[in-house]
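Enquirer: sequence first, then the predicted structure, then my questions.
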2 protein chains.
Amino acid sequence: MRVAVLGTGTVGRTLAGKLAELGHDVRIGTRDPDATLARDESDAMRRQESFREWLERHPQAQLVRMAEAADGAELVVNATNGTGSVAALEAAGAQHLAGTVVMDVANPLRFSDGTLSLFISNTDSLGERLQLRFPQARVVKTLNTVNASVMVTPTQVGGGDHTMFVAGNDPEAKAVVTGLLESFGWADVLDLGGIEAARGMEMYLILWAAMRGVIGDPMFSIKVVRPG
Amino acid sequence: MRVAVLGTGTVGRTLAGKLAELGHDVRIGTRDPDATLARDESDAMRRQESFREWLERHPQAQLVRMAEAADGAELVVNATNGTGSVAALEAAGAQHLAGTVVMDVANPLRFSDGTLSLFISNTDSLGERLQLRFPQARVVKTLNTVNASVMVTPTQVGGGDHTMFVAGNDPEAKAVVTGLLESFGWADVLDLGGIEAARGMEMYLILWAAMRGVIGDPMFSIKVVRPG
């Protein structure tokens, strides 16, 4: 499948790497490829691999501008920061998103005075806002409830016996995304219905962060234990 | 243990019944006992057992005014509606809550235009608000993440292999509540730290409601699957 991954941070890299490994044709979209490739030193100071180094290890992935990545893609992955998601999809181009499955894994997170909160929540969600702004896109919210590493290798946690959610208005788009999740190793995918269920999936992040604090490790997940 | 259960709805009845069954001295607090006992007909029309009928089946529980229930209680359970929780604890009396463990199981839920949302969230929580309003109470948030029946009989879901959270500023109070949860059958209690973690526990309700909708049954729960 031809896939555009928007975002060059940890989540974008992790998803792009996994998708390339699975044989998909992956283009990573960024605002300015030269700037992304030049960002070596600051990343090195953060003791993180620079994007250039990452790309050298993943020669099958191409780094291009947002619109070039999205043009012709069957699946667009929103792996940008929540704060920049609308602008990123605008840069990708509404015309390239029309009819396209948009897998939204972002969270509307905000740190303020050392406290994590959501900048959209309760009566709205980032997923809904993207669907509203790009009505012809087929937005599916998923993967936002776990860390990047768990997203692509769920078997790392409890042998994979835990749950991923999907929400979106288009059943076919959810089927495409669910197939992708299964190819990552997700064995239990719970369809929560329309995109408005993104609200609960994003609000869960505040519980996730509290758990992250006391577990002391982001490699955890939740299993929905249903009636027998 | 001498326990006051504030609230005569399904959650209050279920908790009071279980606590009485476990041998605790249970007083159920309500604003106006006569009014609660007179509410037979409207409840019958809702095809729900009236409180009077419930009380007849649970003669060991006493129905008294809020303040009378809280006076001398070692544990006060806030099982009122979120909208009425502050007023209920005020009626119980700050002097009766001073030094007392307050187990807060309420949620700040609001239905509006057919949509469920929270009337406190994201940067605050009902649990925090109660702790702030009653600084001498030892508030512990718990049990708000499951339905009443699962609260007291967790083994009904997946044989009990799922997780309950506690949050609160007082470690001893959390130990008392955790002991009580264990006596209900909870095998996995995750301490999320201070009362500010009530935020995530309450925000989870929006995800819970989405799951409730698609699972079609409230008898479910989540298990936190931690690193090996």
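Expert: That came through, no problem. Numbers count the residues shown, from 1 in each chain, chains lettered A, B, ... in the order given.
Enquirer: helices of chain A, residue ranges please.
Expert: Taking DSSP state H to define them, one finds helices in chain A at A:10-21, A:33-38, A:40-45, A:51-57, A:66-70, A:85-92, A:94-97, A:126-133, A:148-152, A:171-184, A:198-215.
Enquirer: okay, how far is it across stretch A:112-120, tip to tip?
Expert: Using CA to CA, to the nearest Å, the end-to-end distance of stretch A:112-120 comes to 14 Å.
Enquirer: quick one: buried residues of it?
Expert: Within stretch A:112-120, the residues scored as buried using 16 or more other CB atoms under 10 Å in any protein chain shown are A:Leu116, A:Ser117, A:Leu118, A:Ile120. For glycine as for every other residue, the C-beta is placed from the backbone atoms N, C-alpha and C.
Enquirer: chain B next: which of the residues you listed are close?
Expert: A:Ser117, A:Leu118 (CB under 8 Å from any CB of the partner chain).
Enquirer: can the buried residues of stretch A:112-120 go into a markdown table with extra columns for pLDDT?
Expert: Shown next, in a markdown table, are the buried residues of stretch A:112-120 (pLDDT from 0 to 100):
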| residue | pLDDT |
| --- | --- |
| A:Leu116 | 96 |
| A:Ser117 | 98 |
| A:Leu118 | 98 |
| A:Ile120 | 98 |
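Enquirer: closest one of the buried residues of stretch A:112-120 to A:Gln95?
Expert: A:Gln95 lies nearest to A:Ile120 out of these, by CB to CB, at 25.2 Å.
Enquirer: please report the distance of A:Pro218 from chain B.
Expert: 9 Å (CB to the nearest CB, to the nearest Å).
Enquirer: got the confidence number for that residue?
Expert: Predicted confidence (pLDDT) for A:Pro218: 97.
Enquirer: got it, and A:Ala44?
Expert: For A:Ala44, pLDDT reads 55.
Enquirer: go on, A:Gly114?
Expert: 88.
Enquirer: if I pick it, what's in contact with it?
Expert: If you count contacts by CB atoms under 8 Å, 6 or more residues apart in numbering or on different chains, A:Gly114 has none.
Enquirer: next: A:Gly185.
Expert: By CB under 8 Å, 6+ apart, A:Gly185 lies in contact with A:Thr153, A:Pro154, A:Thr155, A:Gly160.
Enquirer: how about the nearest residue to the last one once chain neighbours are set aside, what does it touch?
Expert: Once flanking residues are discounted, A:Gly160 sits nearest to A:Pro154: 4.9 Å by CB to CB, 6 or more residues apart in numbering or on different chains. The contact partners of A:Pro154, taken as CB under 8 Å, 6+ apart, are A:Val146, A:Gly160, A:His162, A:Met164, A:Phe184, A:Gly185, A:Trp186, A:Ala187, A:Ser221.
Enquirer: go ahead and confirm the fifth one touches A:Met151.
Expert: Yes. A:Phe184 sits in contact with A:Met151 when judged by CB atoms under 8 Å, with a separation of 7.1 Å.
Enquirer: neighbour count winner among these two?
Expert: Shown here are A:Phe184 and A:Met151; by other CB atoms under 10 Å in any protein chain shown, A:Met151 has more neighbours (23 against 19).
Enquirer: got a list of what the more buried one touches?
Expert: Contacts of A:Met151 (CB under 8 Å, 6+ apart): A:Val11, A:Thr14, A:Leu15, A:Lys18, A:Val105, A:Leu143, A:Phe184.
Enquirer: make it 6 Å
Expert: A:Leu143 (CB atoms under 6 Å, 6 or more residues apart in numbering or on different chains).
Enquirer: for A:Gly194, same thing?
Expert: Here A:Gly194 is in contact with A:Asn169 (criterion: CB under 6 Å, 6+ apart).
Enquirer: try it again at 8 Å.
Expert: A:Ala167, A:Gly168, A:Asn169.
Enquirer: any low-confidence regions in chain A?
Expert: A:40-47 (pLDDT under 70).
Enquirer: neighbours of the closest residue to A:Asn81 other than its chain neighbours, just the number please.
Expert: Spatially, and ignoring its direct neighbours in sequence, A:Asn81 is nearest to A:Ala106 (6.8 Å; CB to CB, 6+ apart). Other residues within reach of A:Ala106, judged by other CB under 10 Å, total 25.
Enquirer: residue contacts, the spatially most central residue of chain A?
Expert: For chain A, the residue sitting closest to the mean C-alpha position, by CA atoms, centre = their mean, is A:Val105 at 2.7 Å. Listed by CB under 8 Å, 6+ apart, the contact set of A:Val105 reads A:Val11, A:Leu15, A:Val77, A:Asn78, A:Ala79, A:Lys141, A:Thr142, A:Leu143, A:Asn144, A:Met151.
Enquirer: what pairs with A:Thr163 across the strands?
Expert: When bridges are called by DSSP bridges, A:Thr163 pairs up with A:Asp188.
Enquirer: distance of it relative to B:Asp25?
Expert: For A:Thr163, the distance to B:Asp25 equals 40 Å [CB to CB, to the nearest Å].
Enquirer: higher neighbour count, these two?
Expert: Between A:Thr163 and B:Asp25, counted using other CB under 10 Å, A:Thr163 has the larger neighbour count: 22 against 16.
Enquirer: how far away is the more buried one from B:His162?
Expert: The spacing between A:Thr163 and B:His162, counted by CB to CB, is 12 Å.
Enquirer: which residues do these two both contact?
Expert: A:Lys223, B:Ile222.
Enquirer: thinking again about what came up before, ok, the residue nearest to the centre of chain A to chain B distance?
Expert: As judged by CB to the nearest CB, A:Val105 and chain B stand 16 Å apart.
Enquirer: circling back: so can I have CSV of the contacts of A:Val105 showing distance to A:Glu68?
Expert: Shown next, in CSV, are the contacts of A:Val105 (distance: CB to CB, whole Å):
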residue, distance to A:Glu68
A:Val11, 20
A:Leu15, 18
A:Val77, 15
A:Asn78, 16
A:Ala79, 16
A:Lys141, 25
A:Thr142, 25
A:Leu143, 24
A:Asn144, 26
A:Met151, 25
